[in-house]
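Asks: okay, here's the prediction I keep looking at, along with the sequence it came from:
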Amino acid sequence: MRAIMNITKALADEKRVRMVLTLRKGELCVCQITELFGLAASTVSKHLSILYQAGLVESRKDGRWVYYRPAGKEAPLAAREAIEWLGKSLSANPLIAEDARRARALSGRSPAQAECCERRERLARRWSEMTGRRGRKAGAKRSAR
């Protein structure tokens, strides 16, 4: 009963369903999944943790990178059947097709390239947060100290 509840919990979120279906096309690094879905790394990690606990995905670590793939033949029958059901049910969904197309484009990049892109985006976000924290309105002059 607990296994079924974990699977239904994992599949109760659209992003997690999309992640499972995207991984059916091939193994992806966490940084690639982060870029694909445009989510924070911590959010992606939480989603993947829930999918892992449900037995829907497997992971492997390679140096600093963690790769995820759909559950294999050793996974519980309920998890394998859930993945198969998702694939059949959403095979014609345009969003799923777009995810697969974008994942193919990302899978050719090395983790180092993905890490570089992620670092650049993180620095840009930090810069915008720093400049936004000062509470100045656009065009306002800085006061003399």
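Replies: Yep, it's here.

Asks: switch to C-alpha atoms for all contacts and neighbour counts from now on
Replies: Noted.

Asks: secondary structure class for residue 73?
Replies: For residue 73, the secondary structure call by DSSP: H, G, I helix; E, B strand; the rest coil comes out as coil.

Asks: so what's it up against?
Replies: residue 80 (Cα atoms under 8 Å, 6 or more residues apart in numbering).

Asks: list the contacts for the residue nearest the centre of the chain?
Replies: By Cα atoms, centre = their mean, the chain has its centre lying nearest to residue 33, at 3.6 Å. Taking Cα under 8 Å, 6+ apart, we find residue 33 in contact with 19, 44.

Asks: what values do phi and psi take at it?
Replies: For residue 33, the backbone dihedrals (degrees, to the nearest 10) come out as phi -60, psi -40.

Asks: quick one: what helix or strand has residue 55 in it?
Replies: Residue 55 is located outside every helix and strand, with elements delineated by DSSP states H and E.

Asks: quick check, it in contact with residue 71.
Replies: Yes - Residue 55 is in contact with residue 71 according to Cα atoms under 8 Å; the separation is 6.5 Å.
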